[in-house]
Each structure stands twice: as C-alpha cells, then as structure tokens.
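1. Build me a model from this:
(one chain, ligands or ions: 1)
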Amino acid sequence: MTNHIFQFNQVNRLILKDVNFKVNEGERLIIFGPSGSGKSTLLHLFNRMDDPDQGEIYFQQQLINDYDIPQLRKKVGLVLQQPHLFPETVLDNLKFGPSMFDEWEEERAYQLLNYVNLPKEYLTKPVEELSGGEQQRVSLARTLANKPDVLLLDEPTSALDDRNIEAIEEDLINLIEQHSLTVVMVTHSMDQAKRIGTKGLFIDEGQVIEFGDIAQLLETPKTEELKNFLHKS
Ligand SMILES: Nc1ncnc2c1ncn2[C@@H]1O[C@H](COP(=O)(O)OP(=O)(O)OP(=O)(O)O)[C@@H](O)[C@H]1O
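-> Okay, here's the model as predicted:
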C-alpha cells in the first residue's frame, strides 16, 4: 500500500485529519491509540468500508477508488474483531469469495483449513456449531481464500480467551511470513503489537502523533501523548 493522504468528515466533525503515511510491501503496521481516536475508521478506509470526504489513498500505485470494490477487497482482505460468517457451512464460507471470481478449486479448502489449524471434518459443519475461536479461524481462512496481498486486522483476537489469542496469533504470524503479506492491524495490546508489528502508527484524536519502527516507538516514545498512553496501557 502506498501513500495515504486524506481527511475524513463525519457528523459535522473531523474524525481523521492531516493523515499522511506510506506502508511498504511486506511491512506490518500497527495502528494504536486511545479508544475513539479513529483507529478502526482509518483501517476501514483501506478497503472502502468507509470513504473519506477529502484526500486520496493509493494501493499499488493506483487510487483505490479506481478499483472495482470486490477486486480491491480481494486484494486487501479484512478480518474483524467478531467473525461475520454466513450462517452456512465452513465450506460455503470459504468458497464464497473465490467463487465470485471463478477461482475456486475444491482442494484449496483443505489447504485453507490447514493454514488455520482446523481439521478437515470441519468443512461440512454449520458455522453456528463452532466456538468463537474456531469461527475466527474460519473468518481468517475465508479472507486468505482470496489470496490477498494485504491483510487488514481490526483487533482480530480481542474477542478471544488467552489460550485462543496465543494460538491464533501464532498461526497469523506463520501465515503472514509464509505468504509475505503486508499487514495493517489495529490492536489494544502493546505486547501483541510488539510480536506482530514492524512499524507503528500512534494516533490520538484523529491525528498521527508518532510513526516509525514499532520497537522504537514503544521503547523510546518522543511525545508526551505517547508517553502518557504507554504509561496507562
Ligand atoms: N458510523 C459513525 N458515525 C458517527 N461517528 C462515528 C462512526 N464511527 C465512528 N465514529 C466516531 O469516530 C471516532 C473514531 O471512532 P473509531 O471507531 O475509529 O475509534 P477507535 O480508535 O477504533 O476506537 P476503539 O478503540 O474504541 O475501537 C469516535 O469518536 C466515534 O464515535
């Protein structure tokens, strides 16, 4: 993803302002900051779940508005905090995206389940019968089914218990590495930020306060805002 410059206006007030940054291929950017600072709004601009009122976002040298939305969402996949699956089987969920582009191959289903550590018997299970952690795994596999270049992660483990957080995080890191994915992730956990991220963007009241190497941001914050935030978290 390259160069984002935009302002976002909602309900007569700016939610994001003067935001301008670039994510290089293969980087894993963590967006973090206080509650209500605009993290999810910023993330949702990248696959056009929201659109800014002003400014431009480029993906692979092309304005994101010049892509067909399904094509953009195929390349820039989003995994949300709560899995949003169709109330059908695991297989139905996995093949939905690729089928839209006539790209589904049956053997891919096993590979996808394997990526997220679910047994192959799960393919025919209705998703309602799965636990929260299993549903989040299916949600991740469904996004990976589209072979995205970029993975947008909006607090993907925050609805899970500790055991599941650790397991899914480990799978995520392996998958990101195996597929050389570029990642933009929102998380409240600074430990998770350190484990997954390479870069960090600290946002407060809709403005980017610090941007750079994640370890450096967390270890040697420059601004009072980031120092205070880290002190409280
Ligand atoms: N659909 C909407 N309509 C109006 N205001 C909204 C909408 N979505 C978000 N906002 C407002 O925009 C601001 C940023 O919200 P956002 O969800 O991006 O913050 P966040 O940093 O992700 O918060 P959290 O950490 O609590 O999830 C908040 O003040 C929120 O109330």
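
2. any idea which helix or strand comes after the longest helix anywhere in the chain?
-> Criterion DSSP state H: the longest helix present in the chain is helix 162-178. Following helix 162-178 in sequence order, the next helix or strand is strand 182-186 (DSSP states H and E).

3. Partner strands of that following strand and their direction?
-> Its sheet considered, strand 182-186 pairs with strand 28-32 (parallel), strand 150-154 (parallel) by DSSP bridges.

4. Let me know which of the ones you listed is tucked in deepest.
-> Mean neighbour count (mean count of other Cβ atoms under 10 Å) peaks for strand 28-32 among the strands paired with strand 182-186, with a mean of 25. Placement of C-beta: from N, CA and C, glycine included.

5. between that one and helix 162-178, how many degrees?
-> In terms of direction (axes from the mean of the first three to the mean of the last three Cα atoms, to 10 degrees), strand 28-32 departs from helix 162-178 by 140 degrees.

6. how about the CA coordinates for strand 28-32, as CSV?
-> In CSV, the C-alpha atoms belonging to strand 28-32 read as follows (Å, rounded to 0.1, in the frame of the first residue of the first chain):
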residue,chain,number,x,y,z
ARG,A,28,3.3,-4.9,9.3
LEU,A,29,1.9,-1.7,10.5
ILE,A,30,0.2,-1.5,13.9
ILE,A,31,-2.3,1.3,14.4
PHE,A,32,-2.7,2.1,18.1
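
7. And the contacts of that strand?
-> By Cβ atoms under 8 Å, 6 or more residues apart in numbering, the list of residues contacting strand 28-32 from outside reads 23, 39, 42-43, 176, 182-188, 190, 193, 196-203, 214.

8. could you dump the strands paired with strand 182-186 to CSV with mean pLDDT?
-> Formatted as CSV, the strands paired with strand 182-186 follow (pLDDT from 0 to 100):
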stretch, mean pLDDT
strand 28-32, 98
strand 150-154, 96
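
9. picking that back up, near the ligand, list only the ones from the contacts of strand 28-32.
-> Lys39 (Cβ under 6 Å from any ligand atom).

10. Just the buried residues of the contacts of strand 28-32.
-> Buried members of those, scored by 16 or more other Cβ atoms under 10 Å, are 23, 39, 42-43, 176, 182-187, 190, 193, 196-197, 199-203, 214.
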